[in-house]
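Chemist: how would this look folded up:
(2 chains)
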Amino acid sequence: MSSAVEHSTPGHPVNPSGFPGPIERSPGFWRQAWQQYRRKKLAMAALLLVAWLGVVAILAPAIAGTRPVVCKYKGEIYFPALYYFNPDWEPVIFSNDKFRQRYPKNLKEKDPESWAIWPLVFQDPYRRIENNEWDGQKGNPTGANGVPSLRNLMGTRQDGVDVFAQMVHGTTISLLVGFVSMGIASLIGITLGAIAGYVGGWADMLLSRVLEVVLCIPPLALILAVQSILEKPTIWHMMMMIGCTGWTTIARLTRAEFLKLRDADFVLAARAMGLGWPRIVFRHILPNALTPVLVPITFGIASAILTESSLSYLGFGVRPPTPSWGALLNLSRSSNGAMWWLIAFPGSAIFLAVLSYNLIGEGLQEAIDPRLRDAGK
Amino acid sequence: MLNYLLRRVLIGSVTLLSITFLVFGLIRNMPGDPAQIASAEASLDQAIDPADYERMRKDYGLDKPWYEAYFVWLGNLLKGDLGRSFGKKEPVSRLISQRIGPTLMLSVTSLFCTYLLSIPLGLYCSSRAGKPDERVISTSLYMLYSLPAFVAALLLLYFFSFKLQWLPLFGMTSDNHKTLSAWGKFKDITWHAFLPIVCYTYGTLAYYTRFVRANMQEVIRQDYIRTARAKGAGPMRVLIRHAFRNTLIPLVTMIGLSLPYLLSGSIILEQVFSWPGMGRMYFESILSRDYPMIMGLTLLFSIVALAGQLLADVLYATVDPRVSYS
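Modeler: You can find the predicted model right below:
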């Protein structure tokens, strides 16, 4: 701790208690929590796994795709793989030169000088690879023949689309669903919980009624109903719906924290100093109330991923061209169970993601709750 | 207590009104109405006569705006009439009573198994806390808890029904069910229900075991446990008589909270196993825009959810003398 050493040098503030020697700065709350968290091997492994999923999601076009990550074409450098993030990001020159989504042959034919860095696996998450699209690579098998092989690491779907490419590109969806929907849920939950806890009285009464209504409707049923109302349901609608149904625990915990802190001494001091309520709520109470809410948010991410995959399995989630783990499971249904790779790979991916978030939540709970922290020793 | 109950029931009915009003508005605004779907099914190639279509809409009560229709529905409900299903042309209450049996069969059996297994397991884990076998059990239970039930269902179906062909692939009965003897019928249904019950049970089993264990861990640090040990009570006696009895309160309240799941079933598991229960009926009614069916089921789900919360609170006050609502 270098700060402790600095304090002892002359010219710096002296310990006000008059006690000789440097002030021993005790580690802050978050540092303590982190030290606690780090000790749990499983929770650390889970954190690494989630970080790894994030890396896979970001690098997805470089792992599996049919577009060069970087290429030089007619004297210019392009990044055609960005197409997988947003179709509008594909350089216009390739559609003008009539590439028609087939890069390897066209690049060589139309500009012999060109070079390209290709993704690790030449497979597309949206379409079947045909014979000799890539020199010497055979076309993808279709139907129940798409057993996992060196060419198709996790097999293919009935229509010949590579499952590995779909899995890699589907990572984005599962991460997005978790974070966006829980972001919405925490925004709603923290706001409502804070109002109910701070204002009390009628606001508190109103919140508990709303909570009761939301708790009464099974979330999956409500989301199914809403997804079928919309003309063109997108993944964003689904995330909003998951967020709008998943905020109850967060609101309850925030409310409890606000009720407790509203009468705490430091809030009283802040009020005595003449601070307005926005400052008291946002600067003084909220930071202290947020910690316990982190745990249900982490568990909420796990359940959001679960809800997304269930909905996609039922055919009400992510729409077909978008790759998603749950949608792959849905396809296994029409194969009557014959294509085990359509169950095993997406199933284990969903399982691992849910498990990781649960483990992180658990680790967090033990790291930030002083009662449990001492219990571990 | 009576006062409290009355107040809760009153508040509950207001909640019910708002839920049904909300859901009614929601489903009536879904695109495509049952008349359209029915006519599309009836005549795929020939266009439906506009007059027929209007008549059908009138039969279904779709000619009125939805808030008016809601009060018609509410009025009928007060007379004890849930309406008739559009698709199956039968009273909703009769259809529900047909489907409730299969769902209860799965959920009650599964709840029974859960309690039967989770309490001994939880006690075992807390008595051997920190030992290798406890670590193995706890870790595997945690993994099971995180394994989505429908993924497990698909995997189990693949192994036991498709590969090994030991268990039936879907449904509740075999094709020759009607010809079987009473014992044969029972065996047939048990055979079909085996995998669904396993999938229903393992998740809650893991959850309840962890719940029992967590409660035990809290209690076992109390002073009276130390006193009991100091007095020379045996480990089993301390564990069961002194510690476990004090963890019963949260366990009892859990029964109340699990009530809604008993009745509503699981949409996704019943879909995977093609099990003719409540969850599947709800899914089918959403697909076919069967408004009276959806409303009837929503009403039922909400009532049991509210009743479950109330039951949990009442049980809490009953088993814990420190809690009172008067």
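
Chemist: any chance you could map the helices in the stretch 51-200 of chain B?
Modeler: B:66-78, B:92-127, B:132-146, B:149-156, B:182-220 (DSSP state H, counting those that start in this stretch).

Chemist: Among the ones you listed, show me which one is buried the most.
Modeler: Among the helices of the stretch 51-200 of chain B, helix B:149-156 has the highest mean neighbour count (mean count of other CB atoms under 10 Å in any protein chain shown), at a mean of 22. Every C-beta, even on glycine, is put in place using the N, C-alpha and C of the backbone.

Chemist: angle of that helix against helix B:182-220?
Modeler: Per axes from the mean of the first three to the mean of the last three CA atoms, to 10 degrees, the angle that helix B:149-156 makes with helix B:182-220 is 130 degrees.

Chemist: hmm, who's touching helix B:149-156?
Modeler: Residues from elsewhere that reach helix B:149-156, judged by CB atoms under 8 Å, 6 or more residues apart in numbering or on different chains: A:309-310, A:313, A:329, A:332, A:337, A:343-344, A:347, A:350-351, B:195-196, B:198-200, B:202-203, B:266, B:268-269, B:272-273.

Chemist: one step back: output the helices of the stretch 51-200 of chain B in a markdown table; the columns should cover distance to A:T291 and mean pLDDT.
Modeler: Converted to a markdown table, the helices of the stretch 51-200 of chain B look like this (distance: least, CB to CB, whole Å; pLDDT from 0 to 100):
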| stretch | distance to A:T291 | mean pLDDT |
| --- | --- | --- |
| helix B:66-78 | 44 | 82 |
| helix B:92-127 | 28 | 88 |
| helix B:132-146 | 23 | 87 |
| helix B:149-156 | 31 | 87 |
| helix B:182-220 | 20 | 85 |
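
Chemist: between those, which gets nearest to A:Q36?
Modeler: For the helices of the stretch 51-200 of chain B, proximity to A:Q36 was assessed by CB to CB; helix B:182-220 is nearest, at 17.6 Å.

Chemist: can you give me how far that closest one is from the chain middle?
Modeler: Helix B:182-220 sits 13 Å away from the centroid of its parent chain (CA atoms, centre = their mean, to the nearest Å).

Chemist: what angle separates that helix from helix B:132-146?
Modeler: Using the same axes, to 10 degrees, one finds that helix B:182-220 and helix B:132-146 are set 120 degrees apart in direction.

Chemist: Just name whatever secondary elements helix B:182-220 is in contact with.
Modeler: In terms of contacts (3 or more CB pairs under 8 Å, 6 or more residues apart in numbering or on different chains; DSSP states H and E), helix B:182-220 is packed against helix B:92-127, helix B:132-146, helix B:149-156, helix B:248-264, helix B:267-272.

Chemist: List the buried residues in the fourth one.
Modeler: Residues of helix B:248-264 classed as buried by neighbour count (16 or more other CB atoms under 10 Å in any protein chain shown): B:249, B:251-254, B:256, B:258-264.

Chemist: roughly how far apart are A:E90 and A:H284?
Modeler: Counting by CB to CB, to the nearest Å, the gap from A:E90 to A:H284 is 50 Å.

Chemist: who in the stretch 51-200 of chain B is up against chain A?
Modeler: Applying CB under 8 Å from any CB of the partner chain, we find that the stretch 51-200 of chain B lies next to chain A at B:142-143, B:145-148, B:150-151, B:154-155, B:157-158, B:161-162, B:169.

Chemist: Max pairwise distance over those residues: which two?
Modeler: Set against one another by CB to CB, these have their most distant pair in B:Y142 and B:L169, with a gap of 30.3 Å.

Chemist: Doesn't A:A256 lie inside a strand?
Modeler: No: going by DSSP: H, G, I helix; E, B strand; the rest coil, the assignment for A:A256 is helix, not a strand.

Chemist: Tell me if stretch B:283-291 is near chain A.
Modeler: Yes: counting by CB under 8 Å from any CB, chain A is contacted by stretch B:283-291 at B:F283, B:I286, B:L287.

Chemist: Enumerate every residue touching the first one.
Modeler: Contact criterion CB under 8 Å, 6+ apart gives A:L224, A:L314, B:I267, B:E270, B:Q271 as the residues in contact with B:F283.

Chemist: cutoff 6 Å now
Modeler: B:I267 (CB atoms under 6 Å, 6 or more residues apart in numbering or on different chains).

Chemist: next one: the second one
Modeler: With contacts taken as CB under 6 Å, 6+ apart, B:I286 has the following neighbours: A:L224, A:A225, A:S228.

Chemist: Tell me how chain A divides into domains.
Modeler: Domain assignment for chain A, taken from automatic domain parsing, gives A:67-118, A:164-375.

Chemist: Export the contacts of B:I286 as a markdown table, with columns for pLDDT.
Modeler: Below are the contacts of B:I286 laid out as a markdown table (pLDDT from 0 to 100):
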| residue | pLDDT |
| --- | --- |
| A:L224 | 79 |
| A:A225 | 76 |
| A:S228 | 73 |
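
Chemist: among those residues, which are in helices?
Modeler: Among those, DSSP state H puts A:L224, A:A225, A:S228 in helices.

Chemist: which residues does the last one contact?
Modeler: Yep, that's A:S228 we're talking about. By CB under 6 Å, 6+ apart, the contact list for A:S228 reads B:M30, B:I286.

Chemist: now it: how far from A:H169?
Modeler: The spacing between A:S228 and A:H169, counted by CB to CB, is 26 Å.

Chemist: The stretch 101-250 of chain A against chain B: which residues are in contact?
Modeler: Proximity of the stretch 101-250 of chain A to chain B, by CB under 6 Å from any CB of the partner chain, involves residues A:E212, A:V213, A:C216, A:L220, A:L224, A:A225, A:S228, A:I229.

Chemist: got a list of what the fourth one touches?
Modeler: Translated: A:L220. Per CB under 6 Å, 6+ apart, neighbours of A:L220: B:I267.
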